[in-house]
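coordinates only, sequence not included:
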């Protein structure tokens, strides 16, 4: 979680990232809403994992793989592993105004959320994490660069 918070401090504002085992899994930035950046980061995590498996197995990027059966095998594996997000930490540079942004990560199996807090609806994100048995850490400060 600390690693994610430190990485977040070097990313442009309006971002959500996912980190796991000391590496970034997905980075979403530049949108005005938490849901949008959480979805972008999730999509990038899926693409990165598909690329990794394709390189490991076939020695080429996923986008260059032409065999539909081989692509399906990779897609199914990435889907089962939810893009590598199971057990990851979700880090946001700003508070979540509603629970829908946190729900994006929780549906993928994240285990924790780090955010500044301070929204009128913080209770919604707390409830979302409690329902999913995920840890919520409030930092009390934003973490980003301009």
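Ah, there it is. Since the structure is predicted, the reported quantities are computational estimates derived from the model, not experimental observations.

how much space between the closest residue to residue 139 other than its chain neighbours and residue 133?
Excluding the flanking residues, the one nearest residue 139 by Cβ to Cβ, 6 or more residues apart in numbering is residue 116, at 5.2 Å. Placement of C-beta: from N, CA and C, glycine included. Relative to residue 133, residue 116 is positioned 22 Å away (Cβ to Cβ, to the nearest Å).

Now do the helices in the protein.
In the chain, the helices defined using DSSP state H lie at 2-8, 34-58, 68-80, 100-107, 122-132.

and the residue nearest the centre of the chain, what does it touch?
Residue closest to the average C-alpha location in the chain (Cα atoms, centre = their mean): residue 18, at 3.3 Å. Going by Cβ atoms under 8 Å, 6 or more residues apart in numbering, residue 18 touches 4, 24-27, 41-42, 45, 85, 88-91, 105, 110.

quick revisit: count the neighbours of the residue nearest to residue 139 for me.
Applying other Cβ atoms under 10 Å, we find 17 residues neighbouring residue 116.

Look up phi and psi at it.
The phi and psi values for residue 116, taken as degrees, to the nearest 10, are phi -70, psi -30.

From residue 5, how far out is it?
In this view, residue 116 and residue 5 are 10 Å apart by Cβ to Cβ.

The residue nearest to residue 139 contacts residue 95, doesn't it?
Yes - when contacts are counted by Cβ atoms under 8 Å, residue 116 is listed as touching residue 95 (5.2 Å).

how about low-confidence regions in the protein?
144-146 (pLDDT under 70).

Could you check how far the residue of it most remote from its centre is from residue 114?
Each residue of the chain has a distance to the centre, and by Cα atoms, centre = their mean the biggest one is for residue 67: 28.9 Å. According to Cβ to Cβ, residue 67 and residue 114 sit 40 Å apart.
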